[in-house]
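Novice: pasting the sequence and the predicted model now:
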Amino acid sequence: MRRIVVPATALLLAASATYAAAQTTRLDAAYSVYLTGIPVGRASVNIELSEAGFVASGSAKTTGFIRLISKGNGSANVHGTFQANRVISSTFSGRLNTSRREQKIDLSVVNGFAKEYSIDPPQQDPDKKRVPITNETRTNVVDPMSAMLALVSKGDILSAESCNRTLPIFDGRYRFNIVLSFRRTETITTDGYQGPVLVCQARYVPVAGHHADGAAIRQMAENRDMFVWLAPVSGARILAPIKASISSPIGNFIVEATRFRATQSR
């Protein structure tokens, strides 16, 4: 179950954004998670952007009948800086608690390189079959929350090109790409937003840290039924995730915003 929910969360985090304003923009978003229409989780994300950089925090937990099978919750915080229309440096901290274990992850990215990272307790891997994480696979990466802040400097914010991108994510355990491609536009209405959104198909590409012959990873890499919906944030050139969908052997997971409110201040 957790192996399916984690990629769904990664999809939610695989958004694209731009920032170009001499002001502070804040996004307050809340999400519900459904499995074949049944509520199984909740999540929230708060992002603050300014010329100095950005700060973001998020949390998620299982709810409903899923908690009878596998209790889980997690939280993450990040702050970083922009340069040349991309996130270049960030400091990320995350915690994951499940019925089986608790784990803390700290990650520092400097000029796109994952310079320092730690996992407490360390990964347990007695069979040594994981694809090794090397300096090369730690280069030109973003942490999972900063992946929300891939920048677009000009043009129509709702153009197809805002979807077409590859997010090179490293979370301290796994290095993977989320490859987004434009599919269509739709209109969405929720608390705080009503209007057009981009629908991007997503593809999961494992790079390092995973078991080379792992069945769950292979299923994710072969899955072509993953999508993320991106909505513009009022008052800034920012696209943020308002919905995500991923199919799985046990059903279809939907992550959908129940609140998507943006405010600005000078």
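Specialist: Received, thanks.
Novice: so where do the strands sit in the protein?
Specialist: 24-35, 38-50, 53-62, 72-83, 86-98, 102-110, 113-120, 165-170, 175-190, 193-208, 226-233, 238-248, 251-265 (DSSP state E).
Novice: right, and those - which one's nearest Asp143?
Specialist: strand 86-98 (3.8 Å; CB to CB). All C-beta atoms are positioned from the backbone trio N, CA, C, and that covers glycine.
Novice: ok, and what's touching the closest one?
Specialist: For strand 86-98, contacts defined as CB atoms under 8 Å, 6 or more residues apart in numbering pick out 2, 54, 70-82, 102-112, 142-146, 149-151, 171-172.
Novice: let's go with 6 Å and repeat that
Specialist: Strand 86-98 has contacts (CB atoms under 6 Å, 6 or more residues apart in numbering) with 2, 72-81, 103-112, 142-143, 146, 149, 151.
Novice: what mean pLDDT does stretch 246-257 have?
Specialist: What stretch 246-257 shows for mean pLDDT is 92.
Novice: what residues sit buried inside that stretch?
Specialist: 246, 248, 253-257 (16 or more other CB atoms under 10 Å).
Novice: please name the bridge partners of the nearest residue to Ala56 once chain neighbours are set aside.
Specialist: Sequence neighbours aside, Ile47 is the residue nearest to Ala56 in space, at 4.5 Å (criterion: CB to CB, 6 or more residues apart in numbering). Counting by DSSP bridges, Ile47 is bridged to Leu27, Ala56.
Novice: Ile47 - how many residues pack around it?
Specialist: Residues within reach of Ile47, counting by other CB atoms under 10 Å, total 24.
Novice: close enough to count as contact, it and Asp28?
Specialist: No - using CB atoms under 6 Å, Ile47 is not in contact with Asp28, being 8.5 Å away.
Novice: including distance to Arg130, could the strands of the chain go into a markdown table?
Specialist: Formatted as a markdown table, the strands of the chain follow (distance: least, CB to CB, whole Å):
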| stretch | distance to Arg130 |
| --- | --- |
| strand 24-35 | 28 |
| strand 38-50 | 27 |
| strand 53-62 | 25 |
| strand 72-83 | 21 |
| strand 86-98 | 18 |
| strand 102-110 | 16 |
| strand 113-120 | 13 |
| strand 165-170 | 14 |
| strand 175-190 | 11 |
| strand 193-208 | 8 |
| strand 226-233 | 23 |
| strand 238-248 | 23 |
| strand 251-265 | 25 |
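Novice: nearest to Glu136 among those would be which one?
Specialist: Ranking the strands of the chain by distance to Glu136, with CB to CB as the measure, places strand 193-208 first at 8.9 Å.
Novice: show me which residues of that closest one are buried.
Specialist: The neighbour-count check on strand 193-208 (16+ other CB under 10 Å) flags 193, 197-204, 206-208 as buried.
Novice: farthest-separated two in those residues?
Specialist: Tyr193 and Ala208 (36.5 Å).
Novice: the bottom helix or strand of this structure by mean pLDDT?
Specialist: helix 2-13 (a mean of 47; mean pLDDT, DSSP states H and E).
Novice: which single one of the buried residues of strand 193-208 is nearest to Asn135?
Specialist: Ranked by distance to Asn135 (CB to CB), the buried residues of strand 193-208 are led by Ala208 at 10.9 Å.
Novice: so what sits opposite the closest residue to Lys243 other than its chain neighbours in the bridge?
Specialist: Spatial nearest neighbour of Lys243, chain neighbours left out: Trp229 (3.8 Å); criterion: CB to CB, 6+ apart. When assigned by DSSP bridges, Trp229 has beta-bridge partners Val199, Lys243.
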